[in-house]
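**Q** heads up, no residue letters with this:
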């Protein structure tokens, strides 16, 4: 028989390193599934542990519970989608002045680029502009 392990509220709290009250709050918010059964007979599965650890990981990474809830509702493709832009959102943009009157701005997080990729992209844009500028001025 392949029975999966079940946990009490106390056990799941210890496994996720969260207070029981926090686990209950996450259930109330819909961040994790409700336990099986009711009252003192309620139990949690390994899936609950995985859900709690995921919520905890994202919260330690600085995401709000609201944002975590949004992410949990989206299909899991291995990539975190960018946070929707809202009034009051603070973003850090990279800015490249290619030449007088030519500027390029991008937000690396939304573009899904690492700092190294941003530098490589800016180098490639600068090189492409230099080639175009040289070829236009030769004619």
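**A** Nice, thanks for sending it over. Here the structure is a predicted model, which is why all the values come from computation and not from measurement.
**Q** which residues of the protein score low on pLDDT?
**A** Residues of the chain meeting the criterion pLDDT under 70: 1-3, 75-84, 139.
**Q** Domain boundaries for it, per the record?
**A** By the assignment in automatic domain parsing, the chain contains the domains 9-72, 94-138.
**Q** what about the first one, start to end distance?
**A** Between the start and the finish of domain 9-72 there is a gap of 22 Å, counting by CA to CA, to the nearest Å.
**Q** how about the helices of this structure, start to end?
**A** With DSSP state H as the criterion, the chain has helices at 9-16, 20-29, 46-60, 65-72, 108-111, 115-138.
**Q** what's the closest of those helices to residue 98?
**A** Of all these, helix 115-138 sits nearest to residue 98, with 4.9 Å by CB to CB. For the C-beta atoms, the positions are set from N, CA and C on the backbone; glycine is no exception.
**Q** ok now the closest one, how far from the chain's centre?
**A** Chain-centre distance of helix 115-138: 32 Å, with CA atoms, centre = their mean, to the nearest Å.
**Q** now the helices of the chain in a markdown table, with mean neighbour count and distance to residue 89?
**A** As requested, those are exported to a markdown table (neighbours: other CB atoms under 10 Å; distance: least, CB to CB, whole Å):
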| stretch | mean neighbour count | distance to residue 89 |
| --- | --- | --- |
| helix 9-16 | 17 | 30 |
| helix 20-29 | 15 | 22 |
| helix 46-60 | 16 | 18 |
| helix 65-72 | 14 | 12 |
| helix 108-111 | 14 | 11 |
| helix 115-138 | 11 | 20 |
